[in-house]
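> Build the 3D model from these lines:
(one chain, ligands or ions: 2)
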Amino acid sequence: MTFRILISDPLSEEGIQPLREAENIHVVMETGLSPDELAERISEFDALLVRSQTEVTRELISKAAKLKIVGRAGVGVDNIDLEAATEHGIIVVNAPDGNTNSAAEHTMAMIMSLARNIPQAYYALKNHKWDRKKYIGVELKNKTLGIVGLGRIGAEVAARAKGQRMNIKAYDPFLTEEKAEKMGIGYGTLQEVLQDADFITVHTPLLKETRHLIDKEAFQSMKDGVQIVNCARGGIINEDDLYDAIKNGKVAGAALDVFEEEPIQDHKLLELPEVIATPHLGASTVEAQENVAIDVSHDVASFLNGGLARNPVNLPSVPKEIMNKIAPYFDLAEKLGAFLTDLTKEVTEEINIYYSGDLTEVEVAPLTRNTVKGLLKRHLGDHVNDVNATYLADRKGITVNEHKTSSTKGFTNLLTVEVKTKSGKRRVSGTLLNGFGPRIVKVDNYSVDVTPAGHMVFIHHKDQPGAIGRVGSLLAQQDINIATMQVGRSNAGGDAIMMLTIDKHLEENGLNELKELTDIYHVTAIDL
Ligand SMILES: NC(=O)c1ccc[n+]([C@@H]2O[C@H](COP(=O)([O-])OP(=O)(O)OC[C@H]3O[C@@H](n4cnc5c(N)ncnc54)[C@H](O)[C@@H]3O)[C@@H](O)[C@H]2O)c1
Ligand SMILES: O=C(O)[C@H](O)COP(=O)(O)O
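Ligands and ions are numbered 1, 2, ... in the order given. Below is the predicted model of the structure:
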């Protein structure tokens, strides 16, 4: 059998040599196809190799009758509909490490170009203007570089900026003060990083949570004259707000490699002399292109020939016999993980997962991976799956321990997830009720009985008359309907909890108003 591979974005010829030489693989390189042309051709192919230009949409996937694998020669998979790929049983692989160095070097080039007005001065000189006064720059030495997102690229930028004698202050949901200290950099909340930095560079993926992370409000909290760099993804910075912040003098300069819509030709930001830009060149070096093409070619060839992929983004690879036994618990495991992430809102240091009852008799590693996936997904995005979840946790320095215990607390099966953070341990337990589906049955030391789905509010309060009523009234004022409510307490007049399921998401201002109510200690909105 011969597998047909379509390469629809320009990839390094050297990097794809292994594919060209493979006996049972036929490579077709056709770059620049329109979405319609691609949709017309896609049903011929077993594999599709792309960079960031090709949009692998749900519609395209629905036409890809033979497609088994999509290879992304790079990091960001925001141009691929992962959900649709998974639904269609198509594995998506990427090449997460191959362009890290290039992207970090490009970021440094942008920071230095910004500081010294190099593109503007070059442009003026090309237009016969010898203007030394206008292009006076600033030094990087002793300036603070704020890094938002300290993953592979963020960390490499930090290492390089230290070489420029810059002070680094970083924020990442997985960064602790201890880790930052070990790396020789400063640690801060997002707010602190934004407030203290002279230069700010973003290195997060583009997720629901990071879209417009840097917006009008964020700009307001920055130093006057701050300079901003985005070599990660268009959309992390709100472009309209950036435009206004430059116009009103808050932001002195911006260096952009990426845009909300790409490609661009005319863009209002490009009309501003304070903005320098490149057309998504972060990964465009000979070395990076060869690296990512080699990595993705390896995975595609291996997978098509029945082997393993090293960098799966969405693969649910569980043997069928095990799958049949544990599949019913997958959703519960992931939801318990997600529930705890919302509940703790702190850097996770350790995860303990306790299996009891029926669960002690089955292979639970896939459940552990699903739980960890639920815990990490909120911050790392949809590329976390049950295959790479524990690997990613390990890379973030999070210890994951599995325990099988005989303590069932009266349930035929019980899954308890415990998260250790700097302020202590939080835990949540769930069970699968025969015929009724998953239930959360315990949060910390309080017994509850809630279906883990939809919008929830977890309230820790003082057990006093009126506390429950006040919460109910306030939600009613906000037109939020309470679907279910569970209450629990340690002792009369002591600590108590309310666990509500509500019909819509509780917005930030509603959350803040609840926190202000008498006898309320903590309020957390949870969306599963
Ligand atoms: N311009 C280019 O050509 C180019 C090249 C390579 C990568 N990229 C992009 O750069 C970005 C980073 O890539 P990477 O390889 O370092 O990814 P990574 O997964 O190693 O790092 C991303 C980091 O962002 C952190 N993060 C997630 N949500 C956050 C939030 N709300 N606030 C702060 N931090 C948050 C994560 O914890 C993680 O540590 C991606 O968007 C990628 O697509 C762009
Ligand atoms: O996410 C990435 O890897 C970069 O944005 C690179 O994209 P490119 O492959 O289109 O250069």
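> Break the protein into its domains for me.
Listed domain ranges for the chain are 3-95+287-304, 100-277, 323-527 (source: automatic domain parsing).
> What residues does this protein have near ligand 1?
75-76, 96, 99-100, 103, 148-154, 171-174, 203-206, 209-210, 213, 231-233, 257-258, 280, 282-283, 379-380 (C-beta under 6 Å from any ligand atom). All C-beta spots, glycine's among them, are computed from the backbone N, C-alpha and C.
> Just those: which are in strands?
Among those, DSSP state E puts 148, 171 in strands.
> picking up where we left off before, let's have the domains of the chain in CSV, adding mean pLDDT.
What follows is the domains of the chain, written out as CSV (pLDDT from 0 to 100):
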stretch, mean pLDDT
domain 3-95+287-304, 95
domain 100-277, 97
domain 323-527, 89
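> possible to save those domains as CSV with distance to ligand 2?
As requested, the domains of the chain are exported to CSV (distance: least, C-beta to the nearest ligand atom, whole Å):
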stretch, distance to ligand 2
domain 3-95+287-304, 3
domain 100-277, 7
domain 323-527, 11
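> which one of these lies closest to residue 311?
domain 3-95+287-304 (5.0 Å; C-beta to C-beta).
> hmm, back to that, need the domains of the chain in CSV (columns: mean neighbour count).
Below are the domains of the chain laid out as CSV (neighbours: other C-beta atoms under 10 Å):
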stretch, mean neighbour count
domain 3-95+287-304, 19
domain 100-277, 18
domain 323-527, 18
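> Return the residues in contact with residue 187.
Residue 187 makes contact with 169, 170, 171, 175, 176, 177, 179, 180, 181, according to C-beta atoms under 8 Å, 6 or more residues apart in numbering.
> and the gap between it and residue 170?
Remark: distance between residue 187 and residue 170 (C-beta to C-beta, to the nearest Å) = 7 Å.
> what is in contact with these two at once?
With contacts defined as C-beta under 8 Å, 6+ apart, the residues shared by residue 187 and residue 170 are residue 180.
> ok now do the nearest residue to residue 89 once chain neighbours are set aside, which residues does it touch?
Leaving out its chain neighbours, the residue that sits closest to residue 89 by C-beta to C-beta, 6 or more residues apart in numbering is residue 68, at 8.0 Å. For residue 68, the contacting residues are 46, 47, 89, 90, 91, 303, 304, taking C-beta under 8 Å, 6+ apart as the criterion.
> what do you get if the cut-off is 7 Å, keeping everything else the same?
Contacts for residue 68 (C-beta atoms under 7 Å, 6 or more residues apart in numbering) come out as 46, 47, 90, 304.
> how near is the last one to ligand 1?
Counting by C-beta to the nearest ligand atom, to the nearest Å, the gap between residue 304 and ligand 1 amounts to 25 Å.
> just the third one next, same as before
When distances are taken as C-beta to the nearest ligand atom, residue 90 and ligand 1 turn out to be 20 Å apart.
> One more: residue 456?
Remark: distance between residue 456 and ligand 1 (C-beta to the nearest ligand atom) = 21 Å.
> Residue 255 now?
Here the distance between residue 255 and ligand 1 works out to 11 Å (C-beta to the nearest ligand atom).
> doesn't residue 112 make contact with that residue?
No - in this structure residue 255 lies outside contact range of residue 112 using C-beta atoms under 7 Å: 9.5 Å.
> on that earlier part again, could you export the contacts of residue 68 to a markdown table, including columns for secondary structure and distance to residue 11?
Written out in a markdown table, the entries for the contacts of residue 68 read as follows (DSSP: H, G, I helix; E, B strand; the rest coil; distance: C-beta to C-beta, whole Å):
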| residue | secondary structure | distance to residue 11 |
| --- | --- | --- |
| 46 | coil | 17 |
| 47 | strand | 13 |
| 90 | coil | 19 |
| 304 | helix | 17 |
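> In space, what's closest to residue 24 - neighbours in sequence excluded?
Distances taken as C-beta to C-beta, 6+ apart place residue 2 nearest to residue 24, at 5.3 Å, with adjacent residues excluded.
> quick one: pLDDT of the one you found?
Note on residue 2: pLDDT of 96.
> Need phi/psi at residue 249.
Listed backbone geometry of residue 249 is phi 90, psi 0, with angles given as degrees, to the nearest 10.
> Please name the nearest non-neighbouring residue to it.
Leaving aside its chain neighbours, residue 249 sits nearest to residue 224 (7.3 Å; criterion: C-beta to C-beta, 6+ apart).
> cool, and residue 17?
Nearest one to residue 17, counting by C-beta to C-beta, 6+ apart, is residue 297 at 8.0 Å.
> Now do the helices in the stretch 301-450 of the chain.
Under the criterion DSSP state H, counting those that start in this stretch, the stretch 301-450 of the chain contains helices at 320-344, 365-380, 389-395.
> Also the stretch 51-200 of the chain?
With DSSP H, counting those that start in this stretch applied, the stretch 51-200 of the chain shows helices at 58-62, 82-87, 100-116, 118-126, 152-163, 177-183, 190-196, listed in chain order.
> Downstream of the one helix or strand residue 456 maps to, the next helix or strand is which one?
Applying DSSP states H and E as the criterion places residue 456 in strand 455-462. Past strand 455-462, heading to the C-terminal end, the next element that is a helix or strand (DSSP H and E) is helix 467-477.
> Now do that next one: which elements does it pack against?
Judged by 3 or more C-beta pairs under 7 Å, 6 or more residues apart in numbering; DSSP states H and E, helix 467-477 is in contact with strand 482-489, strand 495-502, helix 508-516.
> what's it in contact with?
459, 461, 482, 487, 498, 502, 513, 514, 517, 518, 519.
> on that earlier part again, torsion angles phi and psi at the residue nearest to residue 17?
Note on residue 297: backbone dihedrals following degrees, to the nearest 10 are phi -60, psi -40.
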